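Q: My questions concern the predicted model and sequence given below.
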Amino acid sequence: MSSVPAATADAPAAPRSHVRVELGARGYDIVIGPGLIDAAGEEIARRLPGVRAAIVTDTTVAGLHYERLSIALRAAGIDHVQIVVPPGETTKSFAQLTDVVDQIIGARLERGDVVIALGGGVIGDLAGFASAIVRRGMGFVQMPTTLLAQVDSSVGGKTGINSPRGKNLIGAFHQPALVLSDTALLDTLSPREFAAGYAEIAKMALIDRPDFFAWLDANREAIFTGGPERVESVRQSCIAKAAVVAADEREEGSRALLNLGHTFGHALEAAVGYDAKRLVHGEGVAIGTVLAHRFSAKLGLCLPADAERCEAHFAAVGLPTRISEIPGAPLDVATLMAGIGQDKKVRRGSLTFILTRGIGQAFIASDVAPAGVEAFLTEELTR
Ligand SMILES: NC(=O)c1ccc[n+]([C@@H]2O[C@H](COP(=O)([O-])OP(=O)(O)OC[C@H]3O[C@@H](n4cnc5c(N)ncnc54)[C@H](O)[C@@H]3O)[C@@H](O)[C@H]2O)c1
Ligand SMILES: O=C(O)C(=O)C[C@@H](O)[C@H](O)[C@H](O)COP(=O)(O)O
Ligand SMILES: [Zn+2]
């Protein structure tokens, strides 16, 4: 199997890889490989002996994968309850949080017990936030079942829910104690959700890993068809994200780079009311990342050819790259600017964007003029 140049992992890619998130006392392992769900009980019991668990999952994932996890936990003597929520972005709400918290408390789970998130990023963010606030912080284990969650959301400890005014505006940093990524679970994922997850992989490469981006260019087909390159892409993304998180756990500086494409993307998601029929997070990231490259080119920061290469890469895997590709009523610039104004990177009223000087050369640009953003988006809305 070809591997990405300059990898920094501590273990070979197959059959099971370990990537460490180096955060001192809050450090943890990401274990990656096919079939891991059947070993989840022993992996958890070895690190967290004697815990009880609440498994938070959505109805889709529960039907597909819950029973196997339950059997594995029982075999390791881990007593557990199941908490099931509806699938989709609108589940990241106060109503669902209240329900999950109530069920955890109702099951009398203690501070030293664990919440296990079995699902995509929605479940990880919601269950993680519940685990951060019940009894002022319980144990938390991520078992990501989407590509997006395996390459991005399960790592780094950002948890939370949405506000109608903006994405993830209510939340907490709360690191998991362990991430178990069973890559075989991705076989049941829809092609649309798989592509959405791929957007975060490409984003990661576009931040500061041009070699990884070139590797993705060469191997993206194998990633989609399920070759060993798929597991390698998960591993490389986790290595990249773990390094950023270890350097700046609470986004006081450089972690903001992981937000490439998200200032635009989050505004698009809020503008469609988190309606998954119109736009899911990864698709917003794809359009947003292309917009960040096109905006950088417009400002003379990178070559137009770099923006074209970025757009061609996303389009080649079937991701949307233009605002006009979002189905339904056309969006308007005022709504998008209101969403951008709620971005968590705003500092003393000034906009911060992640812009780029070229492929794999993203940087944090503070004090970006709103009028320039508005003029750019006005053009992009008709493209
Ligand atoms: N915390 C972070 O650092 C971080 C990072 C990136 C994204 N996010 C958040 O993650 C969310 C998006 O995550 P997502 O794309 O995983 O969405 P998701 O959790 O909604 O999952 C997408 C869909 O796939 C289904 N699904 C999940 N696993 C499946 C499987 N194995 N087989 C079949 N169907 C399956 C789900 O039921 C859902 O309908 C957004 O809310 C985003 O803001 C958070
Ligand atoms: O982990 C991070 O940091 C990220 O920015 C990763 C993003 O892909 C993710 O969507 C995250 O939830 C966005 O964070 P936010 O703070 O902008 O809500
Ligand atoms: Zn994201």
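A: That came through, no problem. Ligands and ions are numbered 1, 2, ... in the order given.

Q: ok, and does stretch 242-259 reach over to ligand 2?
A: Yes - on the criterion CB under 6 Å from any ligand atom, stretch 242-259 is in touch with ligand 2 at 251, 255, 258, 259. C-beta: built from backbone N, CA, C; applies to glycine.

Q: what's the pLDDT at the residue sitting nearest the centre point of the chain?
A: The residue lying closest to the centre of the chain (CA atoms, centre = their mean) is residue 153, at 3.1 Å. Residue 153 carries a pLDDT value of 98.

Q: thought it was touching residue 119?
A: No - contact criterion CB atoms under 8 Å: residue 153 and residue 119 do not qualify, at 10.1 Å.

Q: Give me the common contacts of these two.
A: Common neighbours of residue 153 and residue 119, counting by CB atoms under 8 Å, 6 or more residues apart in numbering, are residue 144.

Q: circling back: report the contact partners of the residue nearest to the centre of the chain.
A: Neighbour list for residue 153: 120, 121, 124, 125, 144 [criterion: CB under 8 Å, 6+ apart].

Q: and if you look at residue 287?
A: Residue 287 neighbours (CB under 8 Å, 6+ apart): 261, 264, 265, 268, 320, 321, 322, 323, 325, 326.

Q: Next: residue 152.
A: By CB under 8 Å, 6+ apart, the residues touching residue 152 are 121, 197, 200, 204, 237, 241, 258.

Q: Can you say which of these are buried?
A: For the contacts of residue 152, a burial check counting by 16 or more other CB atoms under 10 Å picks out 121, 197, 200, 204, 237, 241, 258.

Q: so how far is residue 109 from residue 179?
A: Using CB to CB, to the nearest Å, residue 179 is found at 20 Å from residue 109.

Q: Of the two, which one has the most company?
A: Using other CB atoms under 10 Å as the criterion, residue 179 and residue 109 rank with residue 179 on top: 27 against 24.

Q: just checking, the more buried one touches residue 155?
A: Yes - the pair residue 179 and residue 155 passes the contact test of CB under 8 Å, sitting 6.2 Å apart.

Q: Are there residues contacting both of the two? Which ones?
A: By CB under 8 Å, 6+ apart, residue 179 and residue 155 have these common neighbours: 30, 142, 238.

Q: mind putting the residues you listed in JSON lines, pLDDT and neighbour count included?
A: Formatted as JSON lines, the shared contacts of residue 179 and residue 155 follow (pLDDT from 0 to 100; neighbours: other CB atoms under 10 Å):
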{"residue": "30", "pLDDT": "98", "neighbour count": "25"}
{"residue": "142", "pLDDT": "99", "neighbour count": "30"}
{"residue": "238", "pLDDT": "98", "neighbour count": "28"}
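
Q: what does the stretch 1-150 of the chain have sitting close to ligand 1?
A: Residues of the stretch 1-150 of the chain lying close to ligand 1 by CB under 6 Å from any ligand atom are 58, 60-61, 64, 87-89, 92, 119-123, 125, 145-146, 148-149.

Q: Can you flag which of those residues belong to strands?
A: In strands, defined here by DSSP state E, the members of those are 58, 119.

Q: so what's residue 16 closest to, chain neighbours aside?
A: Among residues not flanking residue 16 along the chain, residue 33 sits closest, at 3.6 Å (CB to CB, 6 or more residues apart in numbering).

Q: just residue 241 next, same as before
A: Take residue 241 and drop its neighbours on the chain: the residue closest to it by CB to CB, 6+ apart is residue 155, 4.8 Å away.

Q: wait, isn't that neighbour in contact with residue 30?
A: Yes - between residue 155 and residue 30 there is a contact under CB under 8 Å: 6.2 Å.

Q: Now do the shared contacts for those two.
A: Counting by CB under 8 Å, 6+ apart, the shared contacts of residue 155 and residue 30 are 21, 179, 238, 242.

Q: tell me the contacts of residue 325?
A: Applying CB under 8 Å, 6+ apart, the residues near residue 325 are residue 287.

Q: Show the pLDDT at it.
A: So residue 325 comes in at 98 (pLDDT).

Q: ok, so what distance separates it from residue 277?
A: Applying CB to CB to residue 325 and residue 277 gives a distance of 14 Å.

Q: now swap in residue 180 and tell me
A: From residue 180 to residue 277 the distance is 31 Å (CB to CB).

Q: Surely residue 112 is within a strand?
A: No - read with DSSP: H, G, I helix; E, B strand; the rest coil, residue 112 is coil and lies in no strand.

Q: Hmm, it is touching residue 135, no?
A: No - Residue 112 is not in contact with residue 135 according to CB under 8 Å; the separation is 9.2 Å.

Q: can you give me the strands in the stretch 101-250 of the chain?
A: With DSSP state E, counting those that start in this stretch as the definition, the stretch 101-250 of the chain shows strands at residue ranges 114-119, 139-144, 158-163, 166-173, 178-182.

Q: which one of those strands is the most hemmed in?
A: strand 114-119 (a mean of 30; mean count of other CB atoms under 10 Å).

Q: hang on, the earlier thing: of all pairs in the shared contacts of residue 155 and residue 30, which one is the farthest apart?
A: Spatially, the most separated pair among the shared contacts of residue 155 and residue 30 is 179 and 242, at 9.8 Å (CB to CB).

Q: With that, I have no additional questions.
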